[in-house]
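Visitor: Sequence below, structure please.
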Amino acid sequence: MFASPDRLDAWYLESGIVDAVSPCDESDVELARTVREALYELITARRLGEDYNVQALAVLNGAARKPPATPQLTPSGRWTEATPQEALSTVARQAIELLSGPDAPILKECGNPECTRIYIDRSRGTRRQWCDMESCGNKIKAAAYRARKKSAPAIAH
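Guide: Prediction:
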């Protein structure tokens, strides 16, 4: 999703991290990718009960040390405008809260082998298998159905 500066700008807005962000450049995209990969490594280690990678910790903590986006109260409600660095710091801080908070034990990775999304499984019995039923879940279920139909013996009448 971080293929270009304008896609990173759009992600910050669409994710609700900020309400407005000043335009990103290529260095912002590279830094966001680095933080994303470090975060993925840390979440995977947490899920598997492994030790955190020291370098991944340094990347995430370094991003979190920067000033975050600061919400402002306006006559119409809360408004958060940020630079790309402030938006990324906010993401890093939220990731730290997640990894150190009560939802960390229910972090899961999507069961679709083509997807690497992580989600919080708040389903009953924590049995959810996909990041999203509309995308990954339907694809996997439809493929399994087709495979069952293909391998089922024909019934003669």
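
Visitor: can you give me the helices for the protein?
Guide: With helices called from DSSP state H, the chain shows them at 5-14, 26-48, 54-65, 84-99, 138-151.

Visitor: export the third one as CSV, just CAs?
Guide: Right, the one you point to is helix 54-65. Presented in CSV, the C-alpha positions along helix 54-65 are these (Å, rounded to 0.1, in the frame of the first residue of the first chain):
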residue,chain,number,x,y,z
VAL,A,54,16.7,-5.8,18.8
GLN,A,55,16.9,-4.0,15.5
ALA,A,56,13.1,-4.1,14.9
LEU,A,57,12.6,-2.7,18.4
ALA,A,58,15.1,0.1,17.7
VAL,A,59,13.2,1.0,14.5
LEU,A,60,9.8,1.1,16.1
ASN,A,61,11.0,2.9,19.3
GLY,A,62,12.9,5.4,17.1
ALA,A,63,9.8,6.3,15.2
ALA,A,64,7.8,6.6,18.4
ARG,A,65,10.3,9.0,19.9
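
Visitor: what's the offset of that helix from the middle of its chain?
Guide: 17 Å (C-alpha atoms, centre = their mean, to the nearest Å).

Visitor: Which elements pack onto it?
Guide: Counting contacts by 3 or more C-beta pairs under 8 Å, 6 or more residues apart in numbering; DSSP states H and E, helix 54-65 packs against helix 26-48, helix 84-99. (C-beta placed from N, C-alpha, C; glycine too.)

Visitor: what is the orientation angle of the first one with helix 84-99?
Guide: Regarding helix 26-48 and helix 84-99, their directions subtend 0 degrees when assessed with axes from the mean of the first three to the mean of the last three C-alpha atoms, to 10 degrees.

Visitor: Hmm, residue 42 and residue 57 touching each other?
Guide: Yes. Counting by C-beta atoms under 8 Å, residue 57 does reach residue 42; the two are 6.9 Å apart.

Visitor: what's the most buried one of the helices and strands packed on helix 54-65?
Guide: Each of the helices and strands packed on helix 54-65 was scored by mean neighbour count; the highest is helix 84-99, a mean of 20, by mean count of other C-beta atoms under 10 Å.

Visitor: pLDDT of it, averaged?
Guide: Helix 84-99 carries an average pLDDT of 98.

Visitor: packing partners for that helix?
Guide: Counting by 3+ C-beta pairs under 8 Å, 6+ apart, helix 84-99 packs on helix 5-14, helix 26-48, helix 54-65.

Visitor: Which residue comes closest to residue 33 once chain neighbours are left out?
Guide: Closest residue in space to residue 33, ignoring its immediate chain neighbours: residue 2 at 5.4 Å, by C-beta to C-beta, 6 or more residues apart in numbering.
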